[in-house]
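# what follows is a predicted structure for the sequence shown.
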Amino acid sequence: MSFWLSAIVFIPLVGALLMLLLPDGKSALLRGWALGVMIVGFLVSLPLFWVYNSSTADFQFVEKVAWVPSIGINYHLGLDGISLLLVLLTTLLGPVVVLGSSGVTKHLKAYFISMLVLQTGMLGTFLSLDLFLFYIFWEVMLIPMYFLIGIWGGAERIYAAIKFFIYTMVGSLLMLVGILWIYFNVTIPGVGHTFDYTLIVQHANIAAKAQLWLFAAFALAFAIKVPMFPFHTWLPDAHVQAPTAGSVILAGVLLKMGTYGFIRFAMPLFPAGVEAFKPLMMILAVIGIVYGAMVSIVQPDMKKLVAYSSVSHLGFVMLGLFALNEQAVSGAMIQMVNHGLSTGALFLLVGVVYDRRHTRLIADYGGIAKVMPWYATIFTIVTLSSIGLPGLNGFIGEFLVLVGAYKAGPVYAIFGATGVILAAIYLLWMVRRVFFGPITHEENKQLKDLRPVEWASLLPLLVFIFWIGIHPMTFLSKFAVSIEHFLTQVVR
Amino acid sequence: MFDNLIAGMHVGRILPEILVVVVAILALLTDVILPKGKSTRGVQFVTLAGLLLVIASALWKAPEMGQAFGGMVMVDGFTFFFRLILPLVTIFIVFVSEDYIERARIRIGEYYLMILFSLFGMMLMVMAQDLLILFLGIETMSISLYALVGMSRHKAASNEGALKYFLLGAFTTGFLLYGIALMFGLTGSTNIVDIMMFFHVHHKIPLMAWAASGLILVALAFKTALVPFHWWSPDAYEGAPTTVTAFMSTAPKAAAFAAFIRVFYVGLSGLSVGWTPVLWWIAVVTMVFGNLLALRQDSVKRMLAFSSITHAGYLVVALLTFKAMGAAAILFYLVSYAFMNIGAFVVAIAANKDEDDDHGYSFDDFKGLAYRKPWIAIAMLVFMLSLAGIPPTAGFFGKYYIFSAAVRSGFVGLAIIGVLNSAVSVYYYLRLVVSMFMRDRDEATEVPIFWGREMAQAVFICVILILLIGLFPQQLLNVATASVSSLW
């Protein structure tokens, strides 16, 4: 048994504990330490990409140790094609968000400790194969995010933080009851009651009616996290109030935990539930796509615009997952990564001008391409990737999702596709109003272009935006077998 | 013949209980001998040393299990568990009391004395195998508590709380006695094992049995502050000196639940399942009511007091399963709850601005605490997360066992109501976290944190225990399961 995955999960936590020993005042030291820990975490996880054997759907690098043996709880980690890219996305965003935190000056030590603990929580969530352990990580991750929003956020931060916490908590507690029900009512031959995901998914014979309830309990927890329409109302508040780095993590990784929950747990465990809820889920996904996009159009605040666009983009992921064919699910998988990269980058970019001008209103800008040419270039590229321009990453995901959705039901694809058009409207319209035309505000004439640290945070994301767009097979091939396996589990 | 009689009583088996009384008498003497005004330090020392001795004797006597006093009391694993826990909780309270009682101007030796006597009552309750011993235990505990609640003689709230508690408590005593009398009339015995055998043989349960057990149920529900028998508790909790509130919401509650388990799981096991629907409703209204009241409080002390009602509701969820797993979950939860609640009350004492203010303990007193005393705030954060049931804390595992006992016994609906209540409680626990971490400190009105060395040590140990139980629950779970299994 290797301890590779444990190392990946707990490096940030150890870094956070050691950070307690560092002096409070020295901000350069604190930033350096946090960045170092995140980079180490990334470098340790990077070789997974090559060492991972993508010709099998089995879990790899599995670690299993009894934790609370008398009630069947194990410390059980494992990696497959579905979690591989999400883990790497998380570790990649780690250093990026530390670099993107240059605007934070208050209580810096606590800030980075929260961020590192959050990183451990997220990685643990993606790697847990024990339902109970998964739940623990899922909950633990709430606390640091709550602090990130509540301490370092904007004016309405406390309201946003509590709303975020309670929403997630309600959903996940019902999931906990579902997990308990599974534990006591599912008997695995030769094992008995267990929280072991791999055993339950293989051997469990849950009655179809129970599956409906269980799916509903799990789906609620995950749908709140995604967030799916109509459970999305916490998201704009959380995003707008969170500091830049918090938004990047929220969009980049936290929302993926919802979609990951569907593809890992809710769908393979309860295929009968999927069958029954499939139309509803697809309709909600399409409503989310269109609704999110329409609301984005009218936003005067850049950050809120990007936040609502997340609702729309995650709608694509959900549409793809529930279309239940190979293209659609592959599209959904790659779209999860894409959204993390593109929306993460957009939040970073909004943060760049916010740090300079302390406003995010589109009306306060205009014509700033003249003073910040590099910034405008990068912003436009990321926007185009988010819209789905061929050659950039967004295209691959949306295209595959729509092709797959068309197979599942042309109506879904047609309505879904309007989301792409609307995305072009709201994003390009924003770009035009912010960057082009005359400079309408005097103070914008003094704006400085991207600083090196901002370059450093954006470049890694740009590399992947192009890479996925130009050669998606590098990434698609990693999870192709896992998705085939997923489909055999769900479509019976 | 006399020797035989003594030997048959097995006096040695109740050595820890005898020691508690001896310690109380020694504490009383210490109070008299030492000069007035300076005696409490000495009394505290005697009490602490004595209680450690009590725990040591309980461990030493551990192998010697069995009945004593002709079956009036039972020393089994269950008794053993509470023999360790109750003095341990009391040690924590006594340990942090000295600083507080000076500040609250109740620095008199009787304070410790009353705590010791109520501890003696509790220890009788958990070992009682006869309803009369149970009655004696409850009364010994309660009378001491009435006095403790009213100890802040100069405060109106304290007097009011004590009076209310006393009047309603006296009334409940009547219920309990009446129940015991009816039970005796029906079964011809007050012994729990005899009663169990009676219902074992007589399958047809007469109406009088329901009346008798119902009256006993009401009395125990009163002592555990279950809705609708909780009306005394907000006033008593608020009026009592804060260390006493911390004590009342932990140790006596634990003892009362222990008695609940012994009476209803053993003695009335034949008819306890009949009470399940009633307890189902009691659990629901207790959880909901406690939450609704706690949500509206502006005082941390009152919030903790009301939320302790909700926690009693969770315990009833486990209780009404009438399965060993449910009882084990109660034991686990009682231990976890004791440490987080005592810790929370101690920090509340530290942050409170003015002890003489009847409406003190405002949430505002905690504003920006994280930036004044970060470690205290972090400790309080751990307590709040644990009370809210968020991993990786003891509170999470405690709730987890309770709800898993419920789900296992088929009470899925009740478990859902329980977890939703748990989600509601997050709101008011986090409100304190918001005050500590997310509000700016208000330097103009700040007063120095009241923080003695003993308080710091106690809080530190509570934090460590909560995290240890949260990360490695197996040991405590094993102990709880083993203790419960000795009941049958």
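Received the coordinates, thanks. In this text, all values refer to a predicted model and were calculated from it rather than measured experimentally. Numbers count the residues shown, from 1 in each chain, chains lettered A, B, ... in the order given.

# can you tell me the SS state at the residue nearest to residue A:366 when sequence neighbours are not counted?
Take residue A:366 and drop its neighbours on the chain: the residue closest to it by CB to CB, 6 or more residues apart in numbering or on different chains is residue A:440, 4.3 Å away. C-beta here means a position set from N, CA and C on the backbone, and glycine is covered the same way. Secondary structure assignment for residue A:440 (DSSP: H, G, I helix; E, B strand; the rest coil): coil.

# quick one: residue B:367 and residue B:444 touch, right?
No. Assessed by CB atoms under 8 Å, residue B:367 is found out of contact with residue B:444, at 11.2 Å.

# what about those two, which has more around it?
Per other CB atoms under 10 Å in any protein chain shown, whichever of residue B:367 and residue B:444 has more neighbours is residue B:367, with 22 against 5.

# relative to chain A, how far out is the more buried one?
According to CB to the nearest CB, to the nearest Å, residue B:367 stands 12 Å off from chain A.

# quick check on that residue: phi, psi?
Dihedral pair for residue B:367: phi -50, psi 130, per degrees, to the nearest 10.

# residues in contact with residue A:432?
Residues near residue A:432 by CB atoms under 8 Å, 6 or more residues apart in numbering or on different chains: none.

# where does chain B dip in pLDDT?
B:1-7, B:357-359 (pLDDT under 70).

# for the helix ranked longest in it, which positions count as buried?
For chain B, the helix that runs over the most residues, judged by DSSP state H, is helix B:156-187. Neighbour-count burial for helix B:156-187 flags B:157-166, B:168-169, B:172-173, B:175-180, B:182-184, B:186-187 (criterion: 16 or more other CB atoms under 10 Å in any protein chain shown).

# identify the residues contacting the closest residue to chain B within the stretch 251-400 of chain A.
Using CB to the nearest CB, the closest approach of the stretch 251-400 of chain A to chain B is made by residue A:257 at 15.8 Å. Residues near residue A:257 by CB under 8 Å, 6+ apart: A:122, A:125-126, A:138, A:141, A:222, A:225.

# now, among those residues, which is nearest to chain B?
residue A:138 (9.1 Å).

# what's the neighbour count on whatever residue of the stretch 151-300 of chain B ends up closest to chain A?
For the stretch 151-300 of chain B and chain A, the shortest gap (CB to the nearest CB) falls at residue B:295, measuring 12.2 Å. With neighbours defined by other CB under 10 Å, the count for residue B:295 comes to 15.

# just to check, it is in contact with residue B:427?
Yes. With contacts counted by CB under 8 Å, residue B:295 reaches residue B:427, the gap being 6.5 Å.

# is any residue of the longest strand seen in chain A near chain B?
As assigned by DSSP state E, the longest strand anywhere in chain A is strand A:60-68. Yes. Residues of strand A:60-68 contacting chain B under CB under 8 Å from any CB of the partner chain: A:67-68.

# does anything pack onto that strand? Which helices or strands?
Counting contacts by 3 or more CB pairs under 8 Å, 6 or more residues apart in numbering or on different chains; DSSP states H and E, strand A:60-68 is packed against helix A:4-19, strand A:73-79, helix B:474-485.

# coming back round to it: who wins for neighbours among the contacts of residue A:257?
Highest count within the contacts of residue A:257 by other CB under 10 Å belongs to residue A:122, 31 neighbours.

# contacts only, for that residue.
Taking CB under 8 Å, 6+ apart, one finds A:90, A:137, A:141, A:249, A:253-254, A:257 in contact with residue A:122.

# make it 7 Å
A:90, A:141, A:253, A:257 (CB atoms under 7 Å, 6 or more residues apart in numbering or on different chains).

# will you turn those into CSV that also has pLDDT and secondary structure?
Shown next, in CSV, are these (pLDDT from 0 to 100; DSSP: H, G, I helix; E, B strand; the rest coil):
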residue, pLDDT, secondary structure
A:90, 93, helix
A:141, 89, coil
A:253, 90, helix
A:257, 91, helix
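
# now, among the residues you listed, which is nearest to residue B:312?
Residue B:312 has its nearest neighbour among the contacts of residue A:122 in residue A:141, at 30.6 Å by CB to CB.

# please name the nearest non-neighbouring residue to the closest one.
residue A:121 (2.9 Å).

# what do you get for residue B:219?
Closest to residue B:219 by CB to CB, 6+ apart is residue B:176, at 3.7 Å.

# state the distance from that neighbour to residue B:190.
12 Å (CB to CB, to the nearest Å).

# with residue B:213 instead?
From residue B:213 to residue B:190 the distance is 13 Å (CB to CB).

# pick out whichever of the two has more residues nearby.
A side-by-side neighbour count of residue B:213 and residue B:190, using other CB under 10 Å, places residue B:213 first with 26 against 20.

# now that one: which helix or strand?
Assigned by DSSP states H and E, residue B:213 belongs to helix B:207-223.

# got the buried residues for that helix?
B:209, B:212-223.

# run the chain-centre distance for it.
Helix B:207-223 has its C-alpha centroid displaced from the chain centroid by 21 Å (CA atoms, centre = their mean, to the nearest Å).

# wait, isn't the residue nearest to residue B:219 in contact with residue B:136?
No. Taking contacts as CB atoms under 7 Å, residue B:176 lies outside contact range of residue B:136: 11.0 Å.

# coming back round to it: quick one: distance of the longest helix of chain B to the chain centre.
On CA atoms, centre = their mean, the centre of helix B:156-187 falls 18 Å from that of its chain.
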